[in-house]
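>>> please work out how this folds:
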Amino acid sequence: MPAVFEVESTLTDRYQTTVPETVRRALRLGKRDKLHYTIRPGGEVVLTRAEPTEGNDPLLGQFLSFLARDIAQQPERLQAVHANLLQRLHALIEDVEVDLEAPLSAHDE
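Numbers count the residues shown, from 1 in each chain. All right, here's what the predicted structure looks like:
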């Protein structure tokens, strides 16, 4: 019979908790990973590591988190985009049609 480990964690006033180290190791969890909860009819809750869904780019999420931290730490570095640059960008793409639902390909077909 496989070994069974039992661990506890405490909810904060904001209903948050730290996932115990043994659980993090068992589920191979890293920072920013998502958790999946399955609630069974008898009230039992099964916690598993959520697998990335199609369309979720983990690198994009990490990059956006980096940007958010950088903006929060150094808001004085933000600069508005100059109107001339914005006009040039619009001129470059005004006749370009993009289907955001089309799959990406390695080459033009």
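
>>> where does this structure dip in pLDDT?
Low-confidence segments of the chain (pLDDT under 70): 1-2, 53-56, 106-109.

>>> excluding sequence neighbours, find me the nearest residue to the most centrally placed residue in it.
The centre of the chain sits closest to G61, judged by CA atoms, centre = their mean, with a distance of 4.3 Å. Residue nearest to G61 in three dimensions, not counting chain neighbours: R32, with 6.7 Å by CB to CB, 6 or more residues apart in numbering. All C-beta atoms are positioned from the backbone trio N, CA, C, and that covers glycine.

>>> name the nearest residue to R28, ignoring sequence neighbours.
Closest to R28 by CB to CB, 6+ apart is R49, at 6.4 Å.

>>> who does the one you found bridge with?
Following DSSP bridges, R49 is listed with bridge partners L35.

>>> which residues does it contact?
Shown in contact with R49 (CB atoms under 8 Å, 6 or more residues apart in numbering): L27, R28, L29, D33, K34, L35, H36.

>>> and if we set it to 7 Å?
Contact partners of R49, counting by CB atoms under 7 Å, 6 or more residues apart in numbering, are L27, R28, L29, D33, L35, H36.
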